[in-house]
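K.L.:
heads up, no residue letters with this:
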């Protein structure tokens, strides 16, 4: 096994190349998130390296996207949301996004670039609008626990559109709240994020 991050990128890019639009991956396929971990934990100590090979989708993000399990922290939710973007799983993205900040037209067209453009604020200037991005990999930079119900995750997501490479570098904010009026356990949700220069 290799520690080369390109091995993870190649495995995850290959896994998502064959994924159906809005569909699912095979349970034994490598997870597109690559099992990315930050260099340090929310407590500031070393959290460890990301795996040399990505975990199986069913054992990683598939638990949340396909089975509906609740992500135990914002870190796992961030990874699963990246994976959902690679699969165009807009129902999952909508369900894990705070309704107060979720765009009403999330996934309205057939191309996932709509939401990337919203994040990068480049919709009008993007000559590749309408071209579906090819997701290349996820790098988790940091994970902070602000309090019992608020966490932040800094990440860089790499993708290509029209043959050009791009990076989405963001510090995302998450909150733990009840999803509905029922008595189900609270779930983590994406609130919003601050874009950073890469």
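P.N.:
On my side now, so go ahead. Because the structure is predicted, anything quoted here is derived from the model rather than measured. Numbering: from 1, shown residues only.
K.L.:
mind checking how far the residue lying closest to residue 94 once chain neighbours are set aside is from residue 84?
P.N.:
With sequence-adjacent residues excluded and distances taken as CB to CB, 6 or more residues apart in numbering, residue 94 is closest to residue 106, at 5.5 Å. All C-beta atoms are positioned from the backbone trio N, CA, C, and that covers glycine. Distance from residue 106 to residue 84, counting by CB to CB, to the nearest Å: 11 Å.
K.L.:
Which neighbours do those two have in common?
P.N.:
When contacts are counted by CB atoms under 8 Å, 6 or more residues apart in numbering, residue 106 and residue 84 are jointly contacted by 90, 93.
K.L.:
So for those two, which sits in the more crowded spot?
P.N.:
Set residue 106 next to residue 84 and count neighbours by other CB atoms under 10 Å: residue 84 wins out with 24 against 14.
K.L.:
so the more buried one makes contact with residue 97?
P.N.:
No: using CB atoms under 8 Å, residue 84 is not in contact with residue 97, being 10.3 Å away.
K.L.:
Is it correct that the residue nearest to residue 94 is in contact with residue 95?
P.N.:
No: taking contacts as CB under 8 Å, residue 106 lies outside contact range of residue 95: 10.6 Å.
K.L.:
Quick check: next helix or strand after the helix or strand of the chain with the lowest mean pLDDT?
P.N.:
None of the helices or strands of the chain scores lower by mean pLDDT, DSSP states H and E than helix 5-17, at a mean of 43. Downstream of helix 5-17, the first helix or strand assigned by DSSP states H and E is helix 62-65.
K.L.:
Contacts for that next one next, please.
P.N.:
With CB under 8 Å, 6+ apart, helix 62-65 has contacts from 24-25, 27, 31, 56, 69-71, 76-77, 80, 83-84, 87, 89, 92.
K.L.:
Next secondary structure after that helix?
P.N.:
helix 74-87.
K.L.:
Show me what that next one is packed up against.
P.N.:
Counting by 3 or more CB pairs under 8 Å, 6 or more residues apart in numbering; DSSP states H and E, the packing neighbours recorded for helix 74-87 are helix 5-17, helix 62-65, helix 90-95, strand 134-147, strand 150-161, strand 164-177, strand 187-195.
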